[in-house]
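# below are the sequence and a predicted model; questions follow.
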Amino acid sequence: MTLAAASDIVGASNKRRRPVGLLLVALPVLLVGWMVIYPIVAAVITTIWRPDANGRYGISFGTYQFFFSDGYSLANLSLTLWTTVLCAIFLVIICLPIALYLRFAKGRLAAYVQGLAIFPLFVPSIILSYAFIRVLGPNGMVDILLNAVHLPKIRSPYLTPWGPLIGLVWDNIPLTVLILIAGLGSVSDASIEAARDVGARSWQVLVHIILPRIGNSILVAVSFSVLGIFSAFTLPYVLGPAAPEMMGPFMQRTFRDLYDPPNAITQAVIAFLFCIVFGLFYVRSVVKNQRGR
Amino acid sequence: MKRRDFMISAAAAAAGMTVLPKMAFAEANRIDWYTSSDQNVLDFWTNIVKPKFEAANPGVTLNLVDGGDNAGLQAIAERAVAAMASKADPQADFFEGFDARQPAGALDAGLWVDFSTAGLSNYSKINPLALDIPQNLPYRGSQVLLAYDTTKLAPADVPKTFADLIAWIKANPGQFIYNRPNKGGSGGNFVRRAIYEANGKDPAKFTVGNYTKEAGDAALNPAWDILKDLASSLMDQGAYTSGNTQSIQLLGQSAVTMIPAWSDQALSAIKSGVLPETTGLVQLQDLGFPGGFARDTIPVNGLNKDAALKLADFILSEEIQSAVLTELGGFPGVSWDYVSSELREKFKDVIPASIPVFPGGDWEKAINESWYRNVAPNVDPAS
């Protein structure tokens, strides 16, 4: 019995591995098909295949025409793009130095910095939102500290577009830092030492040795954060202004408070089209990486 | 068996186990009670109503179950409708915070007890303002009122009419904020009060069924003019919080002097220290801010219907109704004459002369949409 079982492992398994392997990926593939691909196709069809005034179904771009001719909707879209682009820029500016420091620094301080940089990962965004009001809101902690040293109050970013922007940047630091650190792992100490040996200065090492090697990681980090930020809900909802609103709260309000699924789905499809551009960046860089190997 | 195969079958078995039906039966003399309300209401029942009721009715126990939300209670009510058809046991005796108009068809099928003929000794005490259809038993209410900082505004100077309120907001720019009407009832009912103001203060003009595009524009546009005019005098020249809680937080941080707030939320915020002791509450005297009542329903086919009716009568007693005021921070469901005179004196500023109830449905949708398009964009985001 034991022998037979053992020989089974060695012998027959090669023939059987393929169907079992396919079976194992079948579940996730089916789930993706059922819960991601199908809803996308269904959503696009719902927004295009619509009844006209007489109730006859046909191809109609009415909801898209409405969205792109409606100043209110366009203001929401442009606020979302503004927030997303600024967030991406701030994230790179803030996270690249942190990642560089963590890549090259050793010792206890670096461990603390790393812990601090990863910390936002463990803070739910609803908690972050209320903490933000306490700290940066009117008469919040910052105002109290400023007042203690006889300085004027700040103009609170709460309920302005800068509120969600600051919150989203803070919230996305860990993911960006982690991806950048992983990318910096591919920069070997040897190549940096070699550059230094031929007299390269720090910024020359950064521009000519490090950045070319982690360009891909920056792209991946940015597209990851952008995907999350574009459809962010909680932070823009709690911290942002009433109007214009970001696409996340706008979609939710259209769907739940206006009972208007066709327009909500149209907004979702438009958001999806913007996100797919960044998704393609990511896919392209993954493919490039795999070819490189 | 290979490890991989073992993992697959083990996972399948585990998944299968979770879908096995859980067996549950209703018990005699145990009232199966479900709520759609928040934790504070469940706590009120657990700590106040249950011990008092069980002490008064030896042998009867209360099984308090959090049904989650209205959708959760609907699912249980649908089970009761199905049980009625098959003469089975619905395993539910009492619904807290529900509306007998749900689920569709239940009212016609006669699922719910008609309280007006159920022989409750306290039924006649119910506040006539709260009565709805006889299958709904109102027992606690809340209404939006004004919460303000008495250290900055003396109670004698507090506005008592909506016109006074508008004048006060304009005279004290930056000291008032309300939340977006779809993000919480405190701002929502402030906006609805402005709609009443623009329409002759007559709540009767608005019913669930009478919304049309023309009537909506005619009724709402003057209200938007009032609110647009007000925007530059609000906090940050026209900021709107995204919920009841955030408005309370701003009042607590002394960033503003006055906000509209739910009576129960404001009272419990004062009790828990979120709002300071110096917070004052006041209701407008010309026409109150809109509000609403939480209602209970009892299915006719519950195993413990008689005990459930006893419970319904019990929660209308003076003891529980006073506790609704003091412990829950809600309004009593009975007329104010039936709470102790001491409490009546203490809460005289918030006792409403009227509790207007603004209809939902199409009106709600129109308000949610056109407030955003007409009032909110006046905010200059960069200001």
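Structure received.
# helix or strand right after the helix or strand bottoming out on mean pLDDT in chain B?
Ranked by mean pLDDT, DSSP states H and E, the weakest helix or strand in chain B is helix B:3-18, scoring a mean of 52. On the C-terminal side of helix B:3-18, the closest following helix or strand by DSSP states H and E is strand B:30-35.
# same for that following strand, what does it pack against?
Under the contact criterion of 3 or more Cβ pairs under 8 Å, 6 or more residues apart in numbering or on different chains; DSSP states H and E, strand B:30-35 touches strand B:61-66, helix B:70-85, strand B:94-96, helix B:305-314. Any C-beta I mention is one placed from the backbone N, CA and C, and that applies to glycine too.
# identify each buried residue in stretch A:88-108, please.
Within stretch A:88-108, the residues that qualify as buried are A:Ala88, A:Phe90, A:Leu91, A:Val92, A:Ile94, A:Cys95, A:Leu96, A:Ile98, A:Ala99, A:Leu100, A:Leu102, A:Arg103, counting by 16 or more other Cβ atoms under 10 Å in any protein chain shown.
# so which of the residues you listed comes closest to chain B?
Of all those, A:Phe90 has the smallest distance to chain B: 17.7 Å, by Cβ to the nearest Cβ.
# I figured the closest one hits A:Gly167, correct?
No. If you go by Cβ atoms under 8 Å, A:Phe90 and A:Gly167 don't touch, sitting 11.7 Å apart.
# what's the distance between the one residue in the stretch 1-150 of chain A that gets nearest to chain B and B:Leu251?
Proximity to chain B, evaluated over the stretch 1-150 of chain A using Cβ to the nearest Cβ, is greatest for A:Pro138 at 3.6 Å. Counting by Cβ to Cβ, to the nearest Å, the separation of A:Pro138 from B:Leu251 is 11 Å.
# quick revisit: lowest mean pLDDT across the helices and strands packed on strand B:30-35, which one is that?
When mean pLDDT is averaged over each of these, helix B:70-85 scores lowest at a mean of 86.
# pick out the residue of the stretch 151-300 of chain B closest to chain A.
Counting by Cβ to the nearest Cβ, the stretch 151-300 of chain B gets nearest chain A through B:Ala255, at 3.6 Å.
# name the SS class of that residue, please.
Classification of B:Ala255 using DSSP: H, G, I helix; E, B strand; the rest coil returns coil.
# helix or strand next in line after the longest strand anywhere in chain B, which one?
For chain B, the strand reaching the highest residue count under DSSP state E is reported as strand B:137-149. Using DSSP H and E, the helix or strand that follows strand B:137-149 towards the C-terminus is helix B:162-171.
# from the chain's centroid, how far away is whichever helix or strand comes after that next one?
Downstream of helix B:162-171, the next assigned helix or strand under DSSP H and E is helix B:185-198. Between the mean C-alpha location of helix B:185-198 and the chain-wide mean there is a distance of 16 Å, by Cα atoms, centre = their mean, to the nearest Å.
# what does helix B:185-198 contact?
B:143-144, B:162-163, B:178-182, B:202-203, B:206, B:219-220, B:222-223, B:225-227, B:240-241, B:244, B:247, B:259-262, B:265, B:284, B:287, B:289-291, B:356, B:358, B:367, B:371 (Cβ atoms under 8 Å, 6 or more residues apart in numbering or on different chains).
# hmm, try it at 6 Å
For helix B:185-198, contacts defined as Cβ atoms under 6 Å, 6 or more residues apart in numbering or on different chains pick out B:144, B:162, B:178-181, B:222-223, B:226-227, B:244, B:260-262, B:287, B:289-290, B:358.
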